[in-house]
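> Got a predicted model here, sequence first, then my questions.
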Amino acid sequence: MEDKKNSSEDERLDPEKSPIARADFMREKIKQRPINKKKLLRRTLITMTMAVVFGAVACLTFVFLSPVINNKLYPEESPAPIDLTEETVKDEMQPEDMYADDNAIAAEAASVAIDMASSEISRMQEEMSSYHFDSSDYIEMYASLKTVATNTSKSIVTVTSRTSDTNWISNPYESEGRTSGVIVADNGAEYLILTQTSAIDDAESIQVTFFDGSTTSAYLKMSDKVTGLSILAVKNRIVDDTTREDIKAAPLGSSSSGIVTGTPVIAIGSPTGVQGSICYGFVTSDNSALDLPDSKYMMLTTDMSAATNASGAIINLAGSVVGFIDMNYNNANMPNTLCAIGITELRALIEDLSNEKARPFLGIYGQTVPEELTDGETITGGVYITRTDIDSPAMLAGVQSGDIITAINEEPIEGYEAFISRLRTIKPGEEVHMSLMRQAAEGYVDLTIDITAGSATVSGE
C-alpha cells in the first residue's frame, strides 16, 4: 500500500511519468515551420535574375566566339583582289586569217610540189573539186557551235529575286523576277556574278541557279547607278562540291572596234526571254557609244532577234564573252534587235564593283576635242562638254555645256578617254579642281572650278 502511495505521489509530482502524459506525447503532431512568403519571393526573383543574366552571358559569348571558333575549325579564304585590266583574248580565227599571204601560198605550193608526184596532186585536186557540202556538214557545224555554247553556259546562272507585297485588297503575295547573270570572276572565297540591277531592285532575297540546276543564296556586293549593272556574290563554301568542280568564271574576250564587227557570235543565257535559250548570228556594228555620263561604253548590235527582256552574254567562237546583253539602249527603230554592251569597256567597271571600290560621279557628257579645231587656235586639246546631268555635282558647281576640260587636279587631260581614266583615281566626296576653257565674247578664257565628286555606286551592305 505504501508503494502504491509513493507511486501516486511521484506521478503527481512528475506529470511526465503519468500514463496520461505518455499518451498525450504519442498524439503530438510535427508542424512545419511557417513559410515566409517575402523571403520565398525574394529568392525566386534572385534565381530568375541569375538565370536571365547567365543566359544573356552565354548568348553573347556564343555570338562573339562562334565566328572565331568557326574560322579556326573551318577557315575561310580571304577574297583576292580582282584584276581585269588585261584582255585575255583567246585564239580565234578571224575572217582575215582565212586568207594567207600570196607569197606564203606560193612557197608552200613549191615545197609540196617537190615532195609530191604530179599524179598525186591531180588526184587531190580532183577529189576537192568533186566534194560537195551536204546536210551532214551543216549539222556538224552547228553541233560544234552548240558545244562552244554549252561549255561557256557553265558560267551562266539564273538570278531569281523574291519580293513580298500586298495587293489592292491587302492580301499578301510573293513576286519573283528572273534574269541571267554571268560569273565574271572567282576571288577564292566568292563567285562574282554580273547582272542587271533592275532585276534585283528591292529584293528581299536573291537566289542563284547554276547550270546543273543547283540553287544557292546570293547577296548584292555593289551596284553602279550609271549603267544599271550590279555584282552579286555567292560564297564558294555553300556551293555543292559537284557543282563547284564544273562551274568557272567566264573568259572575257575583246570587243575593241574592228575586231568583232562582221564576226559570228553566239548569244547564251536568255536571249529569247527563256532561260537556257541559244541564238546564232553576226555582230553588225560595234561603234555606237552609249549616252551615259562619265563613261564611254560601246554597244554591239547583232542581226539576231531577241525579246525585249533578253539577258545573258554574247560570246565568240572561242567561247569568250565579248558583250553583256542589255536591251535598254536599243534604237527605237530596232526594239527587238539583240544588243549588248562591249566587254572591253566593261572590264574596269566589273573590276571596281567586284573589289567594292566606290566610283565617283560628276555627271559630265563629253567628247574629245577634234584635232582640226586645235590647229592654229588657242585650244590645245581636252574634253568638249556636250551637256551635264540635272542636279549633278558638275552642274551644281557651275560647269556648262560648251566648256572644255583641259586639266583635273592640275594634270593635263588630252581627250575623253584620258578623262575617264583619271576619274577612276578619284574617290566619292573628294574635291576635284577642274581647269576649264569657256568661250567668251573675245575668245576662250581660262577658269578653275572646284567640284565635290558624288558617288556612282551603291554598296550592298
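Received it, and whenever you're ready, just let me know what you need. Residues are numbered from 1 along each chain as shown.
> Over to Glu245. Which of the three states is it?
Using DSSP: H, G, I helix; E, B strand; the rest coil, the secondary structure recorded for Glu245 is helix.
> Now do the longest strand anywhere in the chain: which elements does it pack against?
Assignment by DSSP state E gives strand 172-186 as the longest strand of the chain. Judged by 3 or more Cβ pairs under 8 Å, 6 or more residues apart in numbering; DSSP states H and E, strand 172-186 is in contact with strand 156-166, strand 190-196, strand 264-270, strand 311-315, strand 321-325, helix 343-354. In short, each C-beta sits where N, CA and C put it, glycine included.
> Report the angle between that strand and strand 156-166.
Angle of strand 172-186 versus strand 156-166, following axes from the mean of the first three to the mean of the last three Cα atoms, to 10 degrees, is 150 degrees.
> before we move on, the earlier item: lowest mean pLDDT across the helices and strands packed on strand 172-186, which one is that?
Averaging pLDDT over each of the helices and strands packed on strand 172-186 singles out strand 156-166 as the lowest, with a mean of 84.
> List the contacts of it.
Contact partners of strand 156-166, identified using Cβ atoms under 8 Å, 6 or more residues apart in numbering, comprise 172-183, 193, 195, 199-211, 218, 232, 250, 268-269, 275, 312-313.
> List only buried entries from those residues.
Neighbour counting by 16 or more other Cβ atoms under 10 Å classes 177-183, 193, 195, 199-200, 203, 206-211, 218, 232, 250, 268-269, 275, 312-313 among the contacts of strand 156-166 as buried.
> quick revisit: Pro293: which of the helices and strands packed on strand 172-186 is closest?
Ranking those by distance to Pro293, with Cβ to Cβ as the measure, places helix 343-354 first at 13.5 Å.
> Could you list the buried residues of that closest one?
Residues of helix 343-354 classed as buried by neighbour count (16+ other Cβ under 10 Å): Ile343, Thr344, Glu345, Leu346, Arg347, Ala348, Leu349, Ile350, Glu351, Asp352, Leu353, Ser354.
> Check the secondary structure at Met299 for me.
Criterion first, three-state DSSP; result for Met299: strand.
> May I ask which helix or strand encompasses the closest residue to it other than its chain neighbours?
Leaving aside its sequence neighbours, Met299 sits nearest to Ser288 (Cβ to Cβ, 6 or more residues apart in numbering; 4.5 Å). For Ser288, the element it lies in under DSSP states H and E is strand 279-289.
> for that strand, packing partners?
Taking 3+ Cβ pairs under 8 Å, 6+ apart as the contact definition, the neighbouring helices and strands of strand 279-289 are strand 264-270, strand 298-305, strand 337-342.
> how does it look with 10 Å?
helix 135-152, strand 264-270, strand 298-305, strand 311-315, strand 321-325, strand 337-342 (3 or more Cβ pairs under 10 Å, 6 or more residues apart in numbering; DSSP states H and E).
> so can I have TSV of the ones you listed showing distance to Met437?
Formatted as TSV, the entries for the helices and strands packed on strand 279-289 read as follows, by distance: least, Cβ to Cβ, whole Å:
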stretch	distance to Met437
helix 135-152	48
strand 264-270	42
strand 298-305	28
strand 311-315	40
strand 321-325	36
strand 337-342	31
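> Between those, which one is closest to Ile379.
Using Cβ to Cβ as the criterion, the shortest distance between Ile379 and the helices and strands packed on strand 279-289 is 26.2 Å, found for strand 298-305.
> what lines up beside the closest one in the sheet?
Each strand that strand 298-305 pairs with, and the sense of that pairing, follows from DSSP bridges: strand 279-289 (antiparallel), strand 337-342 (antiparallel).
> For Gln367, find the nearest of these.
Proximity to Gln367, assessed across the strands paired with strand 298-305 by Cβ to Cβ, is greatest for strand 279-289 (8.7 Å).
> Counting neighbours, which bits of that closest one end up buried?
Of the residues in strand 279-289, those buried by neighbour count under the rule 16+ other Cβ under 10 Å are Cys279, Gly281, Val283, Asp286.
> in what helix or strand does the residue nearest to Val445 when sequence neighbours are not counted lie?
Leaving out its chain neighbours, the residue that sits closest to Val445 by Cβ to Cβ, 6+ apart is Arg438, at 5.8 Å. Counting by DSSP H and E, the secondary-structure element that holds Arg438 is strand 431-440.
> Against which helices or strands is that strand packed?
Helices and strands touching strand 431-440, by 3+ Cβ pairs under 10 Å, 6+ apart, are strand 383-388, helix 393-397, strand 404-408, strand 411-412, helix 416-423, strand 443-452.
> try 7 Å this time
Under the contact criterion of 3 or more Cβ pairs under 7 Å, 6 or more residues apart in numbering; DSSP states H and E, strand 431-440 touches strand 404-408, strand 443-452.
> Could you measure from the residue nearest to Met299 over to Cys339?
The gap separating Ser288 from Cys339 is 9 Å, by Cβ to Cβ, to the nearest Å.
> which residues are common contacts for these two?
Here Ser288 and Cys339 share the contacting residues Met299, Thr301, scored by Cβ atoms under 7 Å, 6 or more residues apart in numbering.
> neighbours around the residue lying closest to Ile426 once chain neighbours are set aside, how many?
Distance criterion Cβ to Cβ, 6+ apart; nearest residue to Ile426, sequence neighbours excluded, is Pro360 at 4.5 Å. By other Cβ atoms under 10 Å, the residues close to Pro360 number 22.
> And Pro360, what's its pLDDT?
96.
> can you pull up the bridge partners for it?
Per DSSP bridges, residues listed as beta-bridge partners of Pro360: Ser455.
> how far away is the nearest residue to Arg162 once chain neighbours are set aside from Ser217?
If you skip the residues right next to it in sequence, Arg162 has Ser205 as its closest partner in space, 4.8 Å away by Cβ to Cβ, 6+ apart. Using Cβ to Cβ, one gets 7 Å for the distance from Ser205 to Ser217.
> what residue ranges in the stretch 1-150 of the chain score low on pLDDT?
Within the stretch 1-150 of the chain, the set of residues satisfying pLDDT under 70 comprises 1-40, 61-78, 85-121, 123-125, 127-131.
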